[in-house]
Every structure is written in structure tokens, then in C-alpha cells.
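Peer 1: Kindly generate the corresponding structure for this input.
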Amino acid sequence: MTNTEYCGGRMYRESLFPNLLMACVMSECRDVDVVGRPILVAKHDVMVADDSLTGHRQTFVMRWNPDISSYKVADFEHAMEDFHNDGFYYDWNVFDYEKVHVGDRFFMLKVGNGNTGIVMSGVIAGLPYKDEDWSGKGRDVRYVRMMPDCMVHPDRSKMVTTLVLDDAIPGVNWNDGHSGVLLSEEHAVKFNEIWRNFMMSQNIC
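Peer 2: Presented below is the predicted three-dimensional model:
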């Protein structure tokens with residue numbers, strides 16, 4: 001598998017499947033541009049129903065390259081419109097699937113051309129499962145269900161860029177690699193601190 005063969009994902013807007021753990025959303029926020037298009041949407045206190053299943057939260061980085069993925073920026077924009085609807089979640093391919101636990105944190109990086117950086121955060125809400133290869137190449141691919149708690153438009157909003165991540169955490173190639181990679185504990189601490197500072201700057205935390 002080459003380093004560009006990631007970014008397969010599917011987004012669902014209908015009701016949650018029975019095997020998806022329910023989530024609790026305590027409050028919501030939405031920031032729009034001058035014509036009313038969402039540039040940042042967020043939910044506070046998204047939690048899986050049974051905290052005993054989560055244990056120590058790990059941090060996974062998903063990658064999305066609209067240039068090679070069937071999931072385009074327009075799809076992302078439609079998802080931002082649906083973000084606060086009941087039953088909103090994503091299924092996305094995960095490389096380190098054997099290390100995933102319910103309740104782990106995930107962050108999605110937009111990579112490739114144009115603005116690159118963190119465009120989504122949230123909680124992993126189900127165990128990995130095998131399904132058809134999103135790329136059509138017949139590979140052995142695992143997906144995981146994710147409950148987003150924040151989406152940031154890559155072209156309309158400020159965001160944590162890959163340049164910021166390169167400077168703060170130089171031991172990781174943020175612009176390239178598999179989707180669904182587990183960060184080391186050291187890198188995860190720094191990564192989550194950067195994200196918290198960004199959310200505070202946007203008056204979300």
C-alpha cells in the first residue's frame with residue numbers, strides 16, 4: 001500500500017445503527033460566514049453511553065485527501081449542514097484497527113493540495129469492522145464508526161494547520177501516511193494541547 005492510499009470514508013445522516021453506542025450532547029455551537037454558510041460547528045461533552053468501556057483514551061489521526069478520495073469538499077460542506085441532526089456519524093478507514101477502543105479520540109487531517117490541517121475531531125463510537133475497499137482495489141480494509149464533536153471548514157475558517165503541527169511535533173509526517181494511525185502517548189499529549197488551545201481561541205472550550 002502506498003502512502004497515498006487513504007482517505008476512504010463514508011458519512012451517514014440517517015438514524016444510528018443498533019450497534020452504535022448512543023451519545024450524549026450537552027450543548028452546541030455554530031459559526032457561519034456572511035452568507036450563512038457554516039465555517040465551524042461543534043458539540044460540547046459528547047460521551048459514549050458507558051464510560052466504563054472507554055478506559056484510557058488514545059488518540060488516532062485520520063487522513064482525508066479530497067484530490068484522491070471520492071469524498072469531496074462539497075460532501076464535507078453538506079455534512080456541516082447536517083452536523084447537529086440526530087444520528088450524525090462517520091465511518092472511516094482505520095489502519096491501526098487492532099489498537100482501537102470505544103471512547104478513543106480521533107482527529108481528521110485534510111491533506112493534499114490547498115489548506116491542510118485539522119478539520120474534524122470527535123470520539124470513536126464503535127469497534128472496527130471489515131467492509132469493501134473504498135478505493136475499489138480489493139484490499140483488506142477496516143472501518144470504524146466515529147461521532148464528530150467539531151468540524152472546521154478548511155477554506156472558510158481558521159484551523160490548526162499541518163505547518164503548526166510540523167513545528168510543534170516534528171517527529172511525525174502530518175502530510176502523508178495512512179489514515180487511522182495511533183499517536184504515541186507523548187505526541188498525543190502535545191497534539192491534544194494544541195487542539196485545546198485552538199478551541200479556546202475560538203471561544204468553544
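
Peer 1: So what's the residue count around residue 78?
Peer 2: Residue 78 has 13 neighbouring residues, counting by other C-beta atoms under 10 Å. In this view, the C-beta of every residue, glycine as well, is placed from N, C-alpha and C.

Peer 1: from the chain's centre, how far out does whichever strand or helix holds it sit?
Peer 2: Assigned by DSSP states H and E, residue 78 belongs to helix 73-82. Here helix 73-82 is found 14 Å from its chain centre; the criterion is C-alpha atoms, centre = their mean, to the nearest Å.

Peer 1: Give me the residues contacting it.
Peer 2: Contacts of helix 73-82 from elsewhere in the structure, counted by C-beta atoms under 8 Å, 6 or more residues apart in numbering, are 11, 13, 37-38, 41, 66, 88, 90, 119, 151, 153-155.

Peer 1: which one of those residues is nearest residue 179?
Peer 2: residue 90 (11.7 Å; C-beta to C-beta).

Peer 1: Any figure for the gap between residue 119 and residue 65?
Peer 2: Residue 119 is 12 Å from residue 65, where distance means C-beta to C-beta, to the nearest Å.

Peer 1: okay, these two: which has more neighbours?
Peer 2: Counted by other C-beta under 10 Å, residue 119 and residue 65 do not tie: residue 119 has more neighbours, with 25 against 20.

Peer 1: Wait, a strand at that one?
Peer 2: Yes - checked against DSSP: H, G, I helix; E, B strand; the rest coil, residue 119 lies within a strand.

Peer 1: Make sure it is actually in contact with residue 155.
Peer 2: No - at 10.1 Å, residue 119 and residue 155 do not qualify as touching, with contact defined as C-beta atoms under 8 Å.
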